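# task: produce atomic coordinates for the following.
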Amino acid sequence: MIGDVPPIYEVVKPGDVPPMGDAPPILMGPSEGVMRKLILRALNENQRLILRSIDGRHRSLNSLLEELSRRKRKPISTLKLNARILKELGLIDYGTKDDPRPVRLTEHGLLVLSILGVDGNE
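Numbers count the residues shown, from 1 in each chain. Predicted structure coming up:
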C-alpha cells in the first residue's frame, strides 16, 4: 500500500501523462461498477445504441443513423438528437455538410464503452 491508496488503484503522480490522451485518469477496481452504474443512468438507451454501433464502416453520421433507424425501428430525428448530445458530451465526433468526416468514437467515448463493456449487455 502506498500511503492511503489501496494497491488495486493506479497511482498517477504529478507530471505523469494520463493513459487516455488528455483525459483525466480514472480509478478502476471496485469503483468500476459504480462508474458503470453512473454511465448507464446518465446515457439513455438510444445514446448507448449509437455508441455501440460506431465501428468505422459508415462514411457519415447519416448513413449510420439511417441503418440504425431501419434495423431498430427508431425515429431518425430521435437518433440525430441523441448523436448531437453525444457529440456535445465529447463522446463522438463527426463532420458537417460542408466538412464531411466519418463518425468516430473519441478517446472519452472509447473509455465509456470499455466501462460499459461492448457486448451490449446492460
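# skipping adjacent residues, who's closest to residue 66 in space?
residue 76 (6.6 Å; C-beta to C-beta, 6 or more residues apart in numbering). Using the backbone N, CA and C atoms, a C-beta is placed for each residue, glycine as well.
# ok, now residue 92?
The shortest distance from residue 92 to any residue other than its chain neighbours is 4.6 Å, reached at residue 86 (C-beta to C-beta, 6+ apart).
# now do the contacts for the one you found.
Each residue near residue 86 by C-beta atoms under 8 Å, 6 or more residues apart in numbering is listed here: 47, 50, 51, 92, 109.
# and with 10 Å instead?
Contact analysis of residue 86 by C-beta atoms under 10 Å, 6 or more residues apart in numbering lists 43, 46-48, 50-51, 54, 92-94, 103, 105-106, 109, 112.
# still on that earlier bit, count of neighbours near the residue nearest to residue 66?
13 (other C-beta atoms under 10 Å).
# quick check, it in contact with residue 46.
No - in this structure, residue 76 is not within contact of residue 46 by C-beta atoms under 10 Å, at 11.3 Å.
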